[in-house]
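In: sequence plus the predicted model coming up.
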Protein chains: 2
Amino acid sequence: MQIISSIQEIQQRMLQLRAEGKTIGFVPTMGFLHEGHMTLLQQARQENDIVVLSVFVNPLQFGPNEDFDRYPRDIERDEQLARETGADYLFYPSTEEMYPAPMTTKVTVTSRTDVLCGAKRPGHFDGVAAVLLKLFNIVMPHRAYFGLKDAQQVAVVQGVISDYNIPVTLVPVATVREADGLAKSSRNVYLSERERAQAPAIYQGLQLARQAAEQGERCPEALTALVRDHIVSHTEGEMDYIQLYSYPELESVSELAGTFIIAVAVKFARARLIDNIILTVE
Amino acid sequence: MQIISSIQEIQQRMLQLRAEGKTIGFVPTMGFLHEGHMTLLQQARQENDIVVLSVFVNPLQFGPNEDFDRYPRDIERDEQLARETGADYLFYPSTEEMYPAPMTTKVTVTSRTDVLCGAKRPGHFDGVAAVLLKLFNIVMPHRAYFGLKDAQQVAVVQGVISDYNIPVTLVPVATVREADGLAKSSRNVYLSERERAQAPAIYQGLQLARQAAEQGERCPEALTALVRDHIVSHTEGEMDYIQLYSYPELESVSELAGTFIIAVAVKFARARLIDNIILTVE
């Protein structure tokens, strides 16, 4: 695996690989890799000749009250993990390399952001969009891998790709789960033993909604009530939100049709867990 | 010359040409081609294996008081002229092809726009930036050609390319002039015979400033005064503006250093003419 920190160097390398007919799979991250990232890297490894991982903590996507400086970093460990999954290139630029001069433009994500977790992080997705516009031009991948655990991010990125006709295929990767269905998360370690035993009810509730939709239920409120009731009656967690939107547009719907997302956030004593399912009905 | 109106088709064609090692030169236009466009096409023809011309009247760069519907169009003539200059591809998409769904993001050009002509066209360069982000991803050119007659546009486009690390080289092309120095423009025909005889004083004024700078003058006001005095005393035109800025940043400077632009707009009875020179001093 080669580590490259220069934009010009990786651009030239990628152009050369493309000229040789290689396909390039890209996993953009902020580092401090966890099992979710590993899954993305593994899938990229299976589907492409070349796998590129980027590690860049992007200051543009941190709000004024979000601590960019305190975001966890461990590049040696990231490097080791990337090697183990068979990545070919680790792109690891400095902030100065990525933002050598003040930006002359600003990208604003004007839809898909005022719901779910995005509603609480104004400007966050603007920063995500800007850095991905840069990274897609730098790495020029054929495919880019994003986890569906953050389904809103997937929706926003798909919007950016469509808006600007970026010649990359977004590959959404299914959420990795524990054997009992709980979505894997670095926050799960903050659950008490009792909370950990209850937490699978989140995904169980989402599965109840899936079954009801498959059996013909088309009322959004009925589906979200099923999820809410199951979670509330099986956990001590506090419902932060339970929402249903069209996907990837993330707009409210009065009756189910096409593809939609049911997304939930539950607050336990020391951990806030999120999960979602995306369904398509006729 | 092939005419392509499908984004997917031209993207695939360009990827194939790139895989074959061809270099691609791109001239983005809104059509109704004039001699300036021809110069861009000719230079692109000299410097690249493949020349792509796009003709797209971009609604996003028209203000509410600017008549998008009445913008002149003549695709048959454009096609003929493109053929004559040896273009290989004419990309001619419909508005629906370019904007099939509402945009989910908005690009705002946050600097370089509140001066010169841009100050009078709020939002214009935002639309230019958005469509070029799209077109660069669609055509994937090695080089893109823009005329320095609109030096502000060149500055804005260079900003977009740098901001997003777009793997394209912007080639600024010198303004084409009549034998007497007057910048060529479709508006020159609106000059009276008397005005036409006076109009070369615009470029003469700019040349006086160039000479003064070369001889050591470093005071911006002294240079702009030279231009103003020459134009005012040699024409009946009304000075709309005479400005000097750093280039391409387009910021005010108190003393000359590096690269800067002197730009002028002069109103004659039925035509407003613009011109500029870009100079570098030590």
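Out: Received it, and whenever you're ready, just let me know what you need.

In: what strand or helix carries residue A:144?
Out: Using DSSP states H and E, residue A:144 sits within strand A:143-147.

In: can you pull up the most central residue in chain A?
Out: Nearest residue to the geometric centre of chain A (Cα atoms, centre = their mean): residue A:150, 3.7 Å.

In: rewinding a little: ok, the helix or strand following the strand holding residue A:144 near chain B or not?
Out: Where DSSP H and E defines the elements, the next helix or strand beyond strand A:143-147 is helix A:151-163. Yes: on the criterion Cβ under 8 Å from any Cβ of the partner chain, helix A:151-163 is in touch with chain B at A:156, A:159, A:160, A:162, A:163. C-beta here means a position set from N, CA and C on the backbone, and glycine is covered the same way.

In: follow-up on the earlier one: and the angle from the strand holding residue A:144 to helix A:151-163?
Out: Strand A:143-147 and helix A:151-163 are oriented at 160 degrees to each other (axes from the mean of the first three to the mean of the last three Cα atoms, to 10 degrees).

In: flag every residue of the stretch 51-200 of chain A that's near chain B.
Out: Residues of the stretch 51-200 of chain A lying near chain B (Cβ under 8 Å from any Cβ): A:101-112, A:129-130, A:133-134, A:137-138, A:140, A:156, A:159-160, A:162-167.

In: among those residues, name the ones in helices.
Out: In this view, these that belong to helices under DSSP state H are A:129, A:130, A:133, A:134, A:137, A:138, A:156, A:159, A:160, A:162, A:163.

In: beta partners for the closest residue in space to the second one that isn't next to it in sequence?
Out: For residue A:130, ignoring the flanking residues on the chain, the nearest one in space by Cβ to Cβ, 6 or more residues apart in numbering or on different chains is residue A:107 at 4.9 Å. In this structure, residue A:107 has beta-bridge partners residue B:107, where bridges are defined by DSSP bridges.

In: got the contact list for the residue lying closest to residue A:149 once chain neighbours are set aside?
Out: Excluding the flanking residues, the one nearest residue A:149 by Cβ to Cβ, 6+ apart is residue A:175, at 4.5 Å. Residue A:175 makes contacts with A:36, A:147, A:148, A:149, A:183, A:184, A:275, A:276, as judged by Cβ atoms under 8 Å, 6 or more residues apart in numbering or on different chains.

In: switch those over to JSON lines; also include neighbour count, distance to residue B:251 and pLDDT.
Out: Converted to JSON lines, the contacts of residue A:175 look like this (neighbours: other Cβ atoms under 10 Å in any protein chain shown; distance: Cβ to Cβ, whole Å; pLDDT from 0 to 100):
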{"residue": "A:36", "neighbour count": "20", "distance to residue B:251": "44", "pLDDT": "91"}
{"residue": "A:147", "neighbour count": "20", "distance to residue B:251": "42", "pLDDT": "96"}
{"residue": "A:148", "neighbour count": "18", "distance to residue B:251": "45", "pLDDT": "96"}
{"residue": "A:149", "neighbour count": "20", "distance to residue B:251": "44", "pLDDT": "94"}
{"residue": "A:183", "neighbour count": "23", "distance to residue B:251": "49", "pLDDT": "95"}
{"residue": "A:184", "neighbour count": "16", "distance to residue B:251": "50", "pLDDT": "90"}
{"residue": "A:275", "neighbour count": "24", "distance to residue B:251": "49", "pLDDT": "97"}
{"residue": "A:276", "neighbour count": "23", "distance to residue B:251": "46", "pLDDT": "98"}
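
In: would you list those residues in CSV and tack on distance to residue A:4?
Out: Below are the contacts of residue A:175 laid out as CSV (distance: Cβ to Cβ, whole Å):
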residue, distance to residue A:4
A:36, 24
A:147, 24
A:148, 29
A:149, 28
A:183, 33
A:184, 30
A:275, 36
A:276, 34
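
In: which of the residues you listed sits closest to residue A:63?
Out: Distances from residue A:63 to the contacts of residue A:175, taken as Cβ to Cβ, are shortest for residue A:149 (20.5 Å).

In: out of the residues of helix A:151-163 next to chain B, who's the most crowded?
Out: residue A:156 (27 neighbours; other Cβ atoms under 10 Å in any protein chain shown).

In: show the contacting residues for residue A:279.
Out: Residue A:279 touches A:210, A:213, A:259, A:260, A:261, A:262, counting by Cβ under 8 Å, 6+ apart.

In: strands of chain A, start to end?
Out: A:2-4, A:24-29, A:50-55, A:89-91, A:105-109, A:143-147, A:169-173, A:238-246, A:258-267, A:272-281 (DSSP state E).

In: mean confidence score for the third one?
Out: Per-residue pLDDT values across strand A:50-55 average out to 98.

In: tell me the angle of it relative to strand A:143-147?
Out: Strand A:50-55 and strand A:143-147 meet at an angle of 50 degrees, taking the same axes, to 10 degrees as the criterion.

In: repeat for the last one
Out: Between strand A:272-281 and strand A:143-147, the angle comes out at 120 degrees (the same axes, to 10 degrees).

In: flag every buried residue along strand A:272-281.
Out: A:273, A:274, A:275, A:276, A:277, A:278, A:279 (16 or more other Cβ atoms under 10 Å in any protein chain shown).

In: so chain A: which segments form each domain?
Out: As given by automatic domain parsing, the domain ranges for chain A are A:2-173, A:186-281.

In: what about the shortest one, start to end distance?
Out: From its first residue to its last, domain A:186-281 covers 32 Å (Cα to Cα, to the nearest Å).

In: do the first one as well
Out: Taking Cα to Cα, the span from the opening residue of domain A:2-173 to its closing residue is 25 Å.

In: report the distance from it to the chain centre.
Out: How far domain A:2-173 lies from its chain's middle: 10 Å, per Cα atoms, centre = their mean, to the nearest Å.

In: from residue A:209, how far off is the spatially closest residue to residue A:181 that is not a sequence neighbour?
Out: Leaving aside its chain neighbours, residue A:181 sits nearest to residue A:203 (3.9 Å; criterion: Cβ to Cβ, 6+ apart). Distance of residue A:203 to residue A:209, computed by Cβ to Cβ, to the nearest Å: 11 Å.

In: quick one on the thing from earlier: and which of the ones in helices among the residues of the stretch 51-200 of chain A next to chain B is nearest to chain B?
Out: Comparing those against chain B with Cβ to the nearest Cβ places residue A:159 closest, at 3.2 Å.

In: show the contacting residues for the closest one.
Out: Taking Cβ under 8 Å, 6+ apart, we find residue A:159 in contact with A:109, A:111, A:112, A:248, B:104, B:105.

In: count the residues that sit near residue A:22.
Out: Neighbour tally, residue A:22, other Cβ under 10 Å: 14.

In: next: residue A:110.
Out: 15.

In: just residue A:167 next, same as before
Out: Look at residue A:167: counted by other Cβ under 10 Å, it has 19 neighbours.

In: cool, and the one 3 residues further on?
Out: A count of nearby residues for residue A:170, using other Cβ under 10 Å, gives 17.

In: next one: the one 3 residues further on
Out: Summarising burial for residue A:173: neighbours were counted as other Cβ under 10 Å, giving 18.

In: mind listing what it touches?
Out: For residue A:173, the contact set (Cβ under 8 Å, 6+ apart) comprises A:39, A:40, A:43, A:145, A:146, A:147, A:148.

In: repeat that for residue A:113.
Out: A:119, A:124, A:125, A:152, A:156.

In: any chance of a PyMOL selection covering the buried ones in the residues you listed?
Out: Selection command for PyMOL covering only the buried members of these, criterion 16+ other Cβ under 10 Å:
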select buried, chain A and resi 124+125+152+156
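
In: the contacts of residue A:279: which two are farthest apart?
Out: Top of the distance list for the contacts of residue A:279 (Cβ to Cβ): A:210 and A:259, 13.0 Å.
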